[in-house]
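**Student:** Got a predicted structure here, sequence first:
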Amino acid sequence: MFEKIFFLLCLSTALAEQLCRPEASDGYRVRLSIKTALGDEAYVWNDNEMFLFRATLAFAMRNHIRGQEFEVSNIIVCDETPRVSFWFVVTSPQNTSQLVDKESVEEAVRKSRNRINSAFLLTDKTLEFIGIPPTLAAPVNPDTPPWLIVFGVVMGAVGAGIIVLLVSSVVQKKRKKDEKPDDEEIDEETRVKTVENSAANYRATVNPPPVSDVLSCSF
């Protein structure tokens, strides 16, 4: 019995090594920068962290391919380095000797990328799936279309300009109206003085002083 178990373990290990290898056609390389991301609070990468990675990836595969019960054993890891990088492949739950195609793995990773990142307190830049582009945030669709906002701003500026012109025109008219009586008063005084001077000159011309008065004044 022990010999059979040992044989199965050796067989599974040999099969895993055959399926997972660097530059495998259906494999992906993962690189983690834990120290860069967390600094002094960085945790040590060990077998437990690797188990968590395989579990989160199995979750991602279950979440993407409905009806297939992926297990941790379906995530095979190889070529692990101390700088925390490794390769992985995913085997089919229905046939462990068959690999899941790269397209399905890539879509599964992209769909659950935020969940995977959160499990390790990392981001797309510090938890890299080489060959799988970082997840792009979904574009935000504002409630109000941008063109409507621009139109509103332009119309508001035009309306404000019209109001300023109207107020300025009213103020100028009022100012002119207030200044008009003063100008009329000055013109009236000028006309009165002109009339008085003209009348005095006319009286002097019509009624000249007596000759005796002129002579006496001369002497």
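**Tutor:** Right, received. Where do you want to start?
**Student:** From here on, just use CA atoms for contacts and neighbour counts.
**Tutor:** Will do.
**Student:** V77 reaches S85, doesn't it?
**Tutor:** No: using Cα atoms under 8 Å, V77 is not in contact with S85; the gap is 10.3 Å.
**Student:** Neighbour count for the two, which is higher?
**Tutor:** Per other Cα atoms under 10 Å, whichever of V77 and S85 has more neighbours is V77, with 23 against 17.
**Student:** Show me the helices in the protein, by range?
**Tutor:** Counting by DSSP state H, the chain has helices at residues 2-19, 34-38, 47-64, 102-111, 113-119, 146-206, 211-218.
**Student:** Lowest mean pLDDT across those helices, which one is that?
**Tutor:** Mean pLDDT per stretch puts helix 2-19 lowest among these, at a mean of 45.
**Student:** pLDDT on stretch 80-95, on average?
**Tutor:** pLDDT averaged over stretch 80-95 gives 93.
**Student:** now the end-to-end length of that stretch.
**Tutor:** This stretch, stretch 80-95, spans 25 Å end to end (Cα to Cα, to the nearest Å).
**Student:** Okay, buried residues for that stretch please.
**Tutor:** Along stretch 80-95, these residues count as buried under the neighbour rule (16 or more other Cα atoms under 10 Å): S85, F86, W87, F88, V89, V90, T91, S92, P93.
**Student:** From R54, how far off is the fourth one?
**Tutor:** Note on F88: its distance to R54, by Cα to Cα, is 9 Å.
**Student:** Domain parsing of the chain, as residue ranges.
**Tutor:** The record's domain split for the chain, according to automatic domain parsing, is 2-130, 146-211.
**Student:** Could you pull up the residues touching the residue nearest to S97 when sequence neighbours are not counted?
**Tutor:** Leaving out its chain neighbours, the residue that sits closest to S97 by Cα to Cα, 6 or more residues apart in numbering is T91, at 6.7 Å. Residues near T91 by Cα atoms under 8 Å, 6 or more residues apart in numbering: N74, I75, I76, S97, Q98, L99, V100.
**Student:** And for L32, nearest residue in space, chain neighbours not counted?
**Tutor:** Leaving aside its sequence neighbours, L32 sits nearest to L127 (Cα to Cα, 6+ apart; 4.7 Å).
**Student:** contacting residues around the one you found?
**Tutor:** By Cα under 8 Å, 6+ apart, the neighbours of L127 are V30, R31, L32, S33, N117.
**Student:** isn't the fourth one right next to T123, touching?
**Tutor:** Which is S33. No: S33 is not in contact with T123 according to Cα under 8 Å; the separation is 9.6 Å.
**Student:** circling back: which ones among the buried residues of stretch 80-95 map onto strands?
**Tutor:** Counting by DSSP state E, the buried residues of stretch 80-95 place S85, F86, W87, F88, V89, V90 in strands.
**Student:** Which member of the residues you listed is positioned nearest R62?
**Tutor:** Closest approach to R62 among these (Cα to Cα): V90, at 11.6 Å.
**Student:** how near is the closest residue in space to the closest one that isn't next to it in sequence to L165?
**Tutor:** Leaving out its chain neighbours, the residue that sits closest to V90 by Cα to Cα, 6+ apart is I75, at 4.8 Å. Taking Cα to Cα as the measure, I75 falls 74 Å from L165.
**Student:** of the two, who's got more company?
**Tutor:** Taking other Cα under 10 Å, I75 and L165 do not tie; I75 has more neighbours (23 against 12).
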